[in-house]
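Visitor: 3D, please:
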Amino acid sequence: MATVRPVRRGPTIAVVALAAAVLGGVVALLVATATGLTDRKTTTVYVPTTASELGAGKNEPIVRATPLGGKGFTPSRIYTARSPGVVTVFAFFDNADAQEAQGSGFVVTPSGYILTSAHVVTDVESAHPSEAHEVFIAFKDEDRVKAKIVGWDGYDDVALLKVDPAAHPLVTVPLGDSSRVRPGDPAAAMGSPFGNEDSIAVGVVSAIHRSIGSLTSSYKVVDAIQTDAPITHGNSGGPLFDARGRVIGINAQIRSDSGGAEGVGFAVPINAAKRSMGQLIATGKVVYAFLGVTTEDLTPTLARHLGYAVSRGAIVGEVRGGSPADHAGLEGGNDEQSVNGLDVTTGGDVIVAVNGHPVRSADQVVRDIGSRLPGETVRLTVVRGQERKTLIAKLGARPSADTSP
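Guide: Modelled structure (predicted):
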C-alpha cells in the first residue's frame, strides 16, 4: 500500500494518498504548491511546437457509445452496462525494490487503447519518474493480457496503454463532457479498490474546478472533480461515471486525515484526458504551452486594501527571466504584504484578460494557457497601477514534468 506524505494546510494536516495500491517498495508523494504556472526557479529551453507537429487531425476517433437512457440514476444499470469495459492494471517496475503497483483503467477504443493514471504505470518515487517495465491488463472475466505504455502525461496524471485487440474481446465505455458536470450530480466510481476487481461505489460530485497538486509533476490540475464517492487504493485510473454512464473523470487521489477512503476523492476531468490522449496517440508525448509566471488571486477585498484599479484578476508574483512573459514585458511583484491572514505579493501586473476573455483568478490563467499549444500567440490584458495595457506573448513549451524540489 502506498505511503503518504502529509500536506500542511494551515493548522490542520491533510494527507494526500495515491489511489493506486503499491504492493512493494515505497512511493513518496511530492505535492505541488504552485500558485501559477509553476512555482520553482528553472532554466527553461523553449521548444516551439506546431499543431501539425503534434499530429493534429490524425487522432484516432473515440467511439461514441450511446449514453444510457432515462433521467434517473440507477447504479446497477451503470454497472451492468459499463463494467465489461473497466479493467485492472498491474504494473511491474525494474528497480531495487522490485516494486509492483495495481490500479484501474478503462477501454476507450476498439483498437485497444486504455486510459489510466500516470502514477499507476510510472515510478513517482524518483525525481525523474520512469515507466514500468511490464504492464498487464485484467478483464472482468479475470483473463490477463500484456499491454504497452503508449505514453503518459505527468502534468495531468494521465497515461495511455494499448493492448492487442485480438488478444481479448474489448468493450468500450463512452466518454462524456466534464465541462457540463455540476456539483450535486450523481456519480459512480468503478475500478479495483484494494485489488477487489470489478467494484462500484456511488456518491455525488461535491465540487468542480478544484485546484490540486499533480502526483507526477510540480504543476497543478486546475479543473479536478471532487466527489464523495469512495475512492480507495487501487481505484486510480478507473472511470468516474455520470448518471447516463458516460466517463466524466479519471479517479486519481484521496485527501484525508488518515489516508483512508473516508476523506475527499478527486478525479482528473475527462476533457483534460482527451487532450492528453490525442497527443499521445499522435506523437507518444504531451506538450503544454508555457508563459513563465507565478500568479495569485486578486479579490475585491484585496483590491480595496492594496489600491488596485480592478477588483478581480490574477496578480503576477514572479516573471521568469527569458520566458515568454519576460519577452512580452510582464512585470512581477516587488513586495509582500499580509492581508486578512494571507501573504500577498504586491507591485506586479494584474492579468485581467487573455485574448479578450476575462480572468478572475490565478487558476484561470493556468487553465487558459495550459489549453493552448507552444508557439501560439496570446494577447494579455494587464492593469499596471492605474493603466491598462495589452501585451503580446508567444508561448513556449513547459519545462520537463520532473518532480525535483
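
Visitor: what residue lies at the spatial centre of the protein?
Guide: Taking Cα atoms, centre = their mean, the centroid of the chain lies closest to Asp156, which sits 2.8 Å from it.

Visitor: residues near the nearest residue to it once chain neighbours are set aside, how many?
Guide: Nearest non-adjacent residue to Asp156, counting by Cβ to Cβ, 6 or more residues apart in numbering: Ala272, 4.8 Å away. In short, each C-beta sits where N, CA and C put it, glycine included. Neighbour count of Ala272, defined by other Cβ atoms under 10 Å: 24.

Visitor: ditto for Pro358
Guide: Counted with other Cβ under 10 Å, the neighbours of Pro358 add up to 11.

Visitor: before we move on, what about the one 5 residues further on?
Guide: Asp363 has 20 neighbours, counted by other Cβ under 10 Å.

Visitor: Surely it and Val222 touch.
Guide: Yes - at 4.5 Å, Asp363 counts as touching Val222 under the criterion of Cβ atoms under 8 Å.

Visitor: Could I get the full set of helices for the stretch 301-405 of the chain?
Guide: Secondary structure of the stretch 301-405 of the chain (DSSP state H, counting those that start in this stretch): helices at 324-328, 362-370.

Visitor: The chain now?
Guide: Secondary structure of the chain (DSSP state H): helices located at 75-82, 118-121, 270-283, 300-306, 324-328, 362-370.

Visitor: among those, which is nearest Ala138?
Guide: Between Ala138 and the helices of the chain, the shortest gap by Cβ to Cβ is with helix 118-121, which sits at 13.0 Å.

Visitor: Can you name every helix or strand that the closest one contacts?
Guide: strand 86-92, strand 100-107, strand 144-153, strand 158-162 (3 or more Cβ pairs under 8 Å, 6 or more residues apart in numbering; DSSP states H and E).

Visitor: Please state the offset of that helix from the chain centre?
Guide: Here the centre of helix 118-121 is set off from its chain's centre by 12 Å, with Cα atoms, centre = their mean, to the nearest Å.

Visitor: now stretch 142-149
Guide: On Cα atoms, centre = their mean, the centre of stretch 142-149 falls 25 Å from the chain's centre.

Visitor: ok, and what's touching stretch 164-175?
Guide: With contact meaning Cβ atoms under 8 Å, 6 or more residues apart in numbering, stretch 164-175 is reached by 62-67, 82, 84-86, 106-112, 137, 139, 143, 145-146, 163, 239, 241, 245-247, 270, 274.

Visitor: Just the buried ones from these?
Guide: 65, 82, 84-86, 106-109, 112, 137, 139, 145, 163, 239, 241, 245-247, 270, 274 (16 or more other Cβ atoms under 10 Å).
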